[in-house]
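Trainee: Would you be able to build a 3D model of this:
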Amino acid sequence: MKWIIRGLIIPVFLILAGCAGEAVVLNEVRVGVSETGAPTGADNADQTRAEAGTVPGEGPAGTAASVDTAVSETVRAVDGNGAGPAGTGTGTGFDTGDETQIVTEAAVKAGTGTGTETKTGEGAVTGTENGAEAETGGGAGTMAGGTETGPAGAAEEGQDAAAGTGNTGNAAESPAKTAGAGAERPAGRHVRIPVLLYHHFMKDNVPEERYSTTVTEAQFEDHVRTLSEKGYNTISLEDLRAYIEEGRALPPNPYMITADDGYDSNYYIMYPILKKYNAKAVIFATGSMITDEPGRRWNENSLVWMTWDMLREMEESGLVEIQNHGYIHRPADTMSPEEFSESVAMGEKLLDEKLGERKIKAFAYPHGKATEATRKFLKDNGYKMQFMVRAGLIRKDTDMADLPRIIVSHGKTGQDILNMIKKYE
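Mentor: Numbers count the residues shown, from 1 in each chain. Down below sits the predicted model:
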């Protein structure tokens with residue numbers, strides 16, 4: 001009997017010890033999860049944010065590499081529930097580039113990762129994301145409560161859920177073809193376009209009273225050369241219109257060169273430099289000042305206007321566009337509505353008769369003075385763009401009836417121009 005009793009006591013003791021060990025392990029798992037900031041209940045959808053990191057050693061979807069790894073590598077979580085591959089559990093999370101969001105306590109304990117994306121770096125990301133912004137790196141994905149799957153490699157900047165993975169928390173810009181790429185890409189959200197405003201050019205010896213509107217030949221070449229060397233690219237009016245209205249892609253670091261009034265220095269000094277650097281420009285010509293015959297130059301400081309032949313030659317080169325600066329050079333806010341409309345109409349008629357109908361119509365206000373009435377008149381009469389004399393940069397959401405330009409005055413170096421651009425970014 002004594003041996004029988006001893007034989008029963010030992011198994012019972014072993015059973016009780018095993019139960020106690022399981023309780024300790026389970027408690028350690030609970031404590032470990034809580035300490036990382038992950039929620040302690042499977043029904044809690046609000047996960048706290050932690051510093052981003054990469055989860056090493058992840059296995060196939062539906063498994064956690066280990067409890068310790070999953071807990072210690074927990075990264076910033078998101079509001080809302082992200083469901084991963086079907087039938088893999090109740091975890092929450094999604095992938096952002098090289099960052100992996102993980103998991104609720106229930107998923108850790110069960111060893112499953114529903115909503116834990118198994119992408120680290122470049123790989124497929126599968127799952128839906130509800131109520132939170134998802135910015136993905138490479139890989140395909142299903143986004144925002146719908147089941148539309150985007151292409152691999154969807155860019156962070158602006159491509160929406162219907163087209164692929166992207167930033168669903170902000171309005172996306174329309175996709176656009178990148179020149180030579182043959183594939184659609186969104187025009188960047190952060191593009192800033194400077195428009196430089198010149199007037200007159202001289203070889204050298206600029207009189208001080210003309211410093212505000214005149215640069216030397218050497219200064220202008222330094223501007224264009226420096227911008228070119230720094231990766232800036234001139235764009236046309238059509239490039240600008242298509243970017244703002246359609247989201248069409250632009251070259252890197254786009255900018256515009258404009259020149260107002262119509263002095264023949266635009267032809268003799270500016271134009272050869274444009275050809276040398278294959279740079280584009282827009283000249284806003286005052287209709288009443290352009291002549292059929294060259295003007296007489298009394299001295300080196302004389303302001304002489306261009307001829308229609310000069311304008312035609314430059315436009316036919318494909319580098320220069322000629323646009324309307326009004327028939328008379330007066331500030332719009334000093335003119336009656338009838339005077340302004342007549343000046344615009346006469347300037348436009350001359351351009352069409354002498355150079356052909358404009359494919360796109362733009363207007364630069366003399367002295368940069370505009371009114372609400374003049375803006376409406378130009379819009380109603382087909383003018384896509386209205387340029388001011390007000391410093392700033394053009395953005396995707398800039399009103400095309402109020403486009404800023406940066407005046408370039410005498411004495412500026414190429415580095416000065418870069419600094420001016422950076423100032424307004």
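
Trainee: Report the contact partners of G318.
Mentor: Residues near G318 by CB atoms under 8 Å, 6 or more residues apart in numbering: none. The way it works is simple: take the backbone N, C-alpha and C, and place the C-beta from them, glycine included.

Trainee: go on, V320?
Mentor: Neighbour list for V320: 271, 274, 280-283, 314 [criterion: CB under 8 Å, 6+ apart].

Trainee: what's the closest of the residues you listed to F387?
Mentor: V282 (8.6 Å; CB to CB).

Trainee: correct me, but V195 touches I407?
Mentor: No: with contacts counted by CB atoms under 8 Å, V195 stays clear of I407, the gap being 10.3 Å.

Trainee: Those two: which has the busier surroundings?
Mentor: Higher neighbour count among V195 and I407: V195, with 21 against 16, using other CB atoms under 10 Å.

Trainee: any idea whether that one is helix, strand or coil?
Mentor: For V195, the assignment made with DSSP: H, G, I helix; E, B strand; the rest coil gives strand.

Trainee: Next, K379: phi, psi?
Mentor: Dihedral pair for K379: phi -60, psi -50, per degrees, to the nearest 10.

Trainee: give me every residue that touches the residue nearest to it when sequence neighbours are not counted.
Mentor: Once flanking residues are discounted, K379 sits nearest to A401: 6.0 Å by CB to CB, 6 or more residues apart in numbering. Contacts here follow CB under 8 Å, 6+ apart; on that basis A401 touches 375, 378-379, 385-386.

Trainee: Among these, which are located in strands?
Mentor: In strands, defined here by DSSP state E, the members of the contacts of A401 are 385-386.

Trainee: Next, format the contacts of A401 as a markdown table and append distance to D333.
Mentor: What follows is those, written out as a markdown table (distance: CB to CB, whole Å):
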| residue | distance to D333 |
| --- | --- |
| R375 | 12 |
| L378 | 14 |
| K379 | 17 |
| M385 | 19 |
| Q386 | 14 |
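
Trainee: out of the contacts of A401, who has the most neighbours?
Mentor: L378 (24 neighbours).

Trainee: can you tell me how far that residue sits from I273?
Mentor: Going from L378 to I273 by CB to CB, to the nearest Å gives 31 Å.

Trainee: Repeat that for A242.
Mentor: 26 Å.

Trainee: repeat for E209
Mentor: 24 Å.

Trainee: neighbour-wise, which of these two wins?
Mentor: Neighbour count, other CB under 10 Å: between E209 and I273, I273 has more, with 20 against 9.

Trainee: Identify the residue spatially nearest to that one, adjacent ones excluded.
Mentor: Nearest one to I273, counting by CB to CB, 6+ apart, is E221 at 5.0 Å.

Trainee: What number of residues are in the vicinity of the one you found?
Mentor: Quick note: E221 (other CB under 10 Å) scores 18 neighbours.

Trainee: Kindly report the same for the one 10 residues further on.
Mentor: Each residue near G231 was counted by other CB under 10 Å, and the total is 9.

Trainee: isn't it right up against P252?
Mentor: Yes: here G231 reaches P252: they are 5.7 Å apart, a contact under CB under 8 Å.

Trainee: related to what we said a few turns ago, surely the residue nearest to I273 and L274 touch.
Mentor: No: using CB under 8 Å as the test, E221 is too far from L274 to be in contact (10.1 Å).

Trainee: what's the closest non-adjacent residue to L350?
Mentor: Counting by CB to CB, 6+ apart, the residue nearest L350 is G287, at 4.4 Å.

Trainee: Y383 contacts A362, correct?
Mentor: Yes: counting by CB under 8 Å, Y383 does reach A362; the two are 6.5 Å apart.

Trainee: residue contacts, L403?
Mentor: With CB under 8 Å, 6+ apart, L403 has these contacts: 195, 385-388, 394.

Trainee: where along this structure do the helices fall?
Mentor: 2-35, 67-72, 105-110, 217-229, 237-246, 265, 271-277, 308-316, 337-355, 372-380, 414-423 (DSSP state H).

Trainee: residues in contact with E321?
Mentor: E321 sits next to 236-237, 280-283, 315 when contact means CB under 8 Å, 6+ apart.

Trainee: returning to that earlier point: what's the closest of the contacts of L403 to W298?
Mentor: F387 (31.3 Å).

Trainee: Distance-wise, check the nearest residue to that closest one once chain neighbours are set aside relative to T374.
Mentor: Residue nearest to F387 in three dimensions, not counting chain neighbours: A364, with 4.2 Å by CB to CB, 6+ apart. Taking CB to CB as the measure, A364 falls 12 Å from T374.

Trainee: And L355, by the same measure?
Mentor: With CB to CB as the criterion, L355 and T374 are 24 Å apart.

Trainee: Just checking, which helix or strand of this structure averages the lowest pLDDT?
Mentor: strand 99-100 (a mean of 32; mean pLDDT, DSSP states H and E).
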